[in-house]
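S.K.: After the sequence you'll find the predicted model.
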Amino acid sequence: MSIQDDNILINEVLKGKISSFGLLIDKYQKPVYNLIFNMVEDEDQAKDIVQDVFIKVYEKLESFNFKHKFFSWLYRIAINDTINFLKNRKNFETLTEQNEIQEEKTTNDHKEEQRRQLHAALRELRTDHRVLILLKYFFGLSYEEISDVMKIQEKMVKARLFMAREKLREVLIKNKFFEHD
């Protein structure tokens, strides 16, 4: 399905054909879930947020601007909802508790350990830096697509992504990610 197909489906939903919204959900549910899961690292919470995101998208579909890509608008809503969730969660959990929970889930497998260390390092970044890295390297979005999602100019995406990579590198070095046993 292309951008034009998305716009056709959106128009159909706006005219009352609810089944067309199901097609949009089928197309975007997995990438939205992956984005959110990589931010919250909890399957059940990610599923709940995804459900809330699609409800919000449905309720606000009339405000969608057809000049933009639907997936950019959808990702922006998903990112905002996830950031709000993370802010609220910080009121209930400390970073130490999150690290203890994460450590219990790890195995002795080297790749799993590296994945855990990378995600721990990502958690140490500011939320906007973490989102940029996730969108670029985990989801393969172009600078232009990230610009649409984040509502910032493409040159700002490049500059902020550079800073985000530098901060991530610093955290990984601090946490001895690159040292071998």
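M.R.: Perfect, thanks for sending it.

S.K.: any idea how far residue 163 is from residue 128?
M.R.: 10 Å (C-beta to C-beta, to the nearest Å). (Glycine included, C-beta is placed from N, CA and C.)

S.K.: Identify the residues contacting residue 28.
M.R.: Contacts for residue 28 were tallied using C-beta atoms under 8 Å, 6 or more residues apart in numbering; they are 71, 74.

S.K.: Sorry, slip of the keys, the one I care about is residue 122.
M.R.: Counting by C-beta under 8 Å, 6+ apart, residue 122 makes contact with 130, 133-134, 168.

S.K.: at 7 Å instead, please
M.R.: Shown in contact with residue 122 (C-beta atoms under 7 Å, 6 or more residues apart in numbering): 130, 133.

S.K.: Outline the domain layout of this structure.
M.R.: Domains of the chain are assigned by automatic domain parsing as 1-92, 108-181.

S.K.: Would you reformat those as JSON lines and include mean pLDDT?
M.R.: Output for the domains of the chain, formatted as JSON lines (pLDDT from 0 to 100):
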{"stretch": "domain 1-92", "mean pLDDT": "89"}
{"stretch": "domain 108-181", "mean pLDDT": "84"}
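
S.K.: element containing the residue positioned nearest the centre of the chain, please.
M.R.: Geometric centre of the chain, nearest residue: residue 35, 3.2 Å, by C-alpha atoms, centre = their mean. Using DSSP states H and E, residue 35 maps to helix 19-40.

S.K.: Only alpha carbons, please: show that helix as CSV.
M.R.: The C-alpha trace of helix 19-40 is given here as CSV (Å, rounded to 0.1, in the frame of the first residue of the first chain):
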residue,chain,number,x,y,z
SER,A,19,-13.4,-1.6,7.8
SER,A,20,-10.9,0.6,6.0
PHE,A,21,-9.5,1.7,9.3
GLY,A,22,-8.9,-2.0,10.0
LEU,A,23,-6.7,-2.1,6.9
LEU,A,24,-4.7,0.8,8.2
ILE,A,25,-4.3,-1.0,11.6
ASP,A,26,-3.2,-4.1,9.8
LYS,A,27,-0.6,-2.2,7.9
TYR,A,28,0.8,-0.1,10.7
GLN,A,29,0.2,-2.1,13.9
LYS,A,30,3.5,-4.0,13.9
PRO,A,31,5.8,-1.0,13.1
VAL,A,32,4.0,1.1,15.7
TYR,A,33,4.3,-1.7,18.3
ASN,A,34,8.0,-2.2,17.5
LEU,A,35,8.6,1.6,18.0
ILE,A,36,6.8,1.7,21.3
PHE,A,37,8.2,-1.6,22.6
ASN,A,38,11.7,-0.3,21.9
MET,A,39,10.9,2.7,24.0
VAL,A,40,9.1,1.0,27.0
